[in-house]
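Student: Structure of the sequence below:
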Amino acid sequence: MKIAVCGKGGVGKSTVSAFLIKALLDRGRKVLAIDADPSPHLARLLGFDDSSIKPIAQMKDLLNERSGRDGPFYNLNPKVDDLPEKFMKKKGNLSLMVLGAIQQGGAGCACADNAVLRNLLNRLLLSENEDIVLDMEAGVEHLGRGTIASVDHILIVVQPYRGSVETADKIDRLARDLKIRSLHVVANNCQDEEDVKFIEEMCGCKPIGVFFTSQDARKAERQGRPITEAAPEMVEAADKIISALEKA
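Tutor: Have a look, this model is predicted:
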């Protein structure tokens with residue numbers, strides 16, 4: 001099962017991803033977690049020492065070498081087969097690859113660097129021996145590039161406010177253009193059933209899962225502890241989503 005978690009910035013994509021990963025691990029599954037956010041912190045949420053992890057997107061010398069950049073020219077199919085073995089972190093049945101994303105601020109085209117990341121992501125998504133949870137960058141740009149066309153399911157994380165819903169609508173339209181059939185809304189950071197109803201009415205569909213606000217998870221995050229160990233009710237909510245996706 002290959003799951004991409006998308007949504008507007010700040011809606012809790014990494015939090016939802018962490019609990020989905022925990023639910024899969026609790027079922028005895030092997031899981032590959034991929035963090036493709038420009039500001040990656042999935043490692044910390046899962047209990048890895050993120051101080052020793054540098055996102056691939058920040059390894060400029062590596063990206064230049066693999067892309068074969070020569071002025072405006074670069075390799076459209078750079079070699080990436082050896083990178084997972086070099087940079088993947090492992091803990092039990094969990095493997096973690098932190099890609100990050102290219103953040104370009106007036107420094108010219110990042111096409112060459114993105115070619116390396118895109119090739120690496122595509123290679124990781126070919127894994128047949130693991131379930132995959134992909135924590136995507138915010139917004140809709142990755143969908144416009146067709147980066148995640150090979151996933152089985154897209155989960156759009158939505159919080160109960162209009163800006164979040166508007167981004168979810170854009171993601172929905174682009175994902176359908178890519179012919180991704182299993183597309184679902186996940187309600188996050190809900191205070192009560194009124195919040196859930198707002199999301200349902202605004203999105204025009206019933207969320208496949210609901211995560212209510214957890215003070216225990218928030219406290220664990222502030223203390224630097226794995227949030228998945230602090231909020232069993234959120235693990236249960238994630239497990240229900242996995243069950244629903246298996247039937248989708």
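Student: Can you list the strands that the longest strand along the chain pairs with?
Tutor: Taking DSSP state E as the criterion, the chain has its longest strand at strand 182-190. Paired with strand 182-190 in the same sheet, following DSSP bridges, are strand 153-158 (parallel), strand 209-212 (parallel).
Student: and residue 159, how far is that from residue 131?
Tutor: Residue 159 is 25 Å from residue 131, where distance means C-beta to C-beta, to the nearest Å. (Each C-beta comes from the backbone N, C-alpha and C, glycine too.)
Student: picking that back up, weakest of the strands paired with strand 182-190 by average pLDDT?
Tutor: Confidence, taken as mean pLDDT, is least for strand 153-158 of the strands paired with strand 182-190 (a mean of 94).
Student: In the chain, what residue spans correspond to strands?
Tutor: Using DSSP E, strands in the chain cover 2-7, 31-35, 89-91, 94-98, 131-135, 153-158, 182-190, 209-212.
Student: In JSON lines: those strands, plus mean neighbour count and distance to residue 73.
Tutor: Formatted as JSON lines, these follow (neighbours: other C-beta atoms under 10 Å; distance: least, C-beta to C-beta, whole Å):
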{"stretch": "strand 2-7", "mean neighbour count": "26", "distance to residue 73": "31"}
{"stretch": "strand 31-35", "mean neighbour count": "25", "distance to residue 73": "29"}
{"stretch": "strand 89-91", "mean neighbour count": "13", "distance to residue 73": "34"}
{"stretch": "strand 94-98", "mean neighbour count": "22", "distance to residue 73": "28"}
{"stretch": "strand 131-135", "mean neighbour count": "25", "distance to residue 73": "30"}
{"stretch": "strand 153-158", "mean neighbour count": "26", "distance to residue 73": "34"}
{"stretch": "strand 182-190", "mean neighbour count": "22", "distance to residue 73": "37"}
{"stretch": "strand 209-212", "mean neighbour count": "21", "distance to residue 73": "46"}
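Student: What ranges does this structure have for its helices?
Tutor: Along the chain, counting by DSSP state H, helices occupy 13-26, 42-45, 60-67, 83-87, 111-124, 141-144, 162-177, 193-203, 215-223, 232-247.
Student: wait, which of the ones you listed is closest to residue 102?
Tutor: Nearest to residue 102 among the helices of the chain is helix 111-124 (5.0 Å), distances taken as C-beta to C-beta.
Student: That closest one vs strand 31-35, what angle?
Tutor: 170 degrees (axes from the mean of the first three to the mean of the last three C-alpha atoms, to 10 degrees).
Student: Show me the contact partners of helix 111-124.
Tutor: 32, 34, 36, 56-57, 60, 62-64, 66-67, 69, 74-78, 80-81, 83-84, 97, 99, 101-102, 132, 134, 145, 147, 150 (C-beta atoms under 8 Å, 6 or more residues apart in numbering).
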